[in-house]
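In: The following block contains a protein sequence and its predicted model.
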Amino acid sequence: MITAPSDRLAGTAVGAQAVLLVWLGWPARRPRHALRASVGRLLSAAGLLVAASAARAMGPGLTPSPVPTEAAELLHDGPFASVRHPIYSGLLVFAVGRMLSAGRSRLLPAGLLTLLLTGKARWEEQLLTARFPDYRQYAASTPRFWPGMPLLRRINPPPVTDAKH
């Protein structure tokens, strides 16, 4: 059972995420570089598609909170076969796309969203490790956000394991 401070922290994280996504998605002035803006729009759309696909795959276990619902299951297939947090991956791709299409005005919210989603993922992984005995093995073999990109391992590590397991 989660405590009231945990509920408040989860609510704050979800609220901050919503604000950052609105900021990122807010219409920008006409871009100076049409090609960069077009690539950015394509990336943004692809990111939203990935996030929506992963959200659908979660079914009744879907929640914006990092605290898993009672209906949550440990998913190993679909988008979860490639990364542990495909919704977050999609949102990060959306943020990169918005930076490209809207310019420097989206650098701050994209950076803040990256920090927030990394923190939410770490917290969620602690809760999932406690709830699902197989999560540790899944995490050791599946990257956090980016499939097959060794250069990004610093923000994409498996969760820390204690010596008992």
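Out: Cool, the structure landed.
In: pLDDT at the residue of the chain positioned farthest from its centre, what is it?
Out: Taking CA atoms, centre = their mean, the residue of the chain most remote from its mean C-alpha position is Arg32, at 29.4 Å. Each residue has a pLDDT score; the one for Arg32 is 77.
In: So, low pLDDT: which residues of the protein?
Out: Scanning the chain with the threshold set as pLDDT under 70 gives 1-5, 149-165.
In: any chance you could map the helices in this protein?
Out: Counting by DSSP state H, residue ranges of the helices within the chain are 4-25, 34-58, 86-102, 107-131, 135-141.
In: Which residues outside the first one are in contact with it?
Out: Yep, that's helix 4-25 we're talking about. When contacts are taken as CB atoms under 8 Å, 6 or more residues apart in numbering, the neighbours of helix 4-25 outside the stretch itself are 2, 64-67, 91, 94-95, 98, 102, 106, 109-110, 112-113, 116-117, 119-120. Where C-beta positions appear, they are placed from N, C-alpha and C, glycine not excepted.
In: Figure out how far that helix is from the centre of its chain.
Out: Relative to its parent chain, helix 4-25 has a centroid offset of 13 Å by CA atoms, centre = their mean, to the nearest Å.
In: With the last one instead?
Out: A distance of 17 Å separates the centroid of the chain from that of helix 135-141, by CA atoms, centre = their mean.
In: buried set for that helix?
Out: Neighbour-count burial for helix 135-141, with 16 or more other CB atoms under 10 Å as criterion, is recorded at Tyr135, Arg136, Tyr138, Ala139.
In: picking that back up, from the contacts of helix 4-25, which would you call buried?
Out: Buried among the contacts of helix 4-25 (16+ other CB under 10 Å): 65-66, 91, 94-95, 98, 102, 106, 109-110, 112-113, 116-117, 120.
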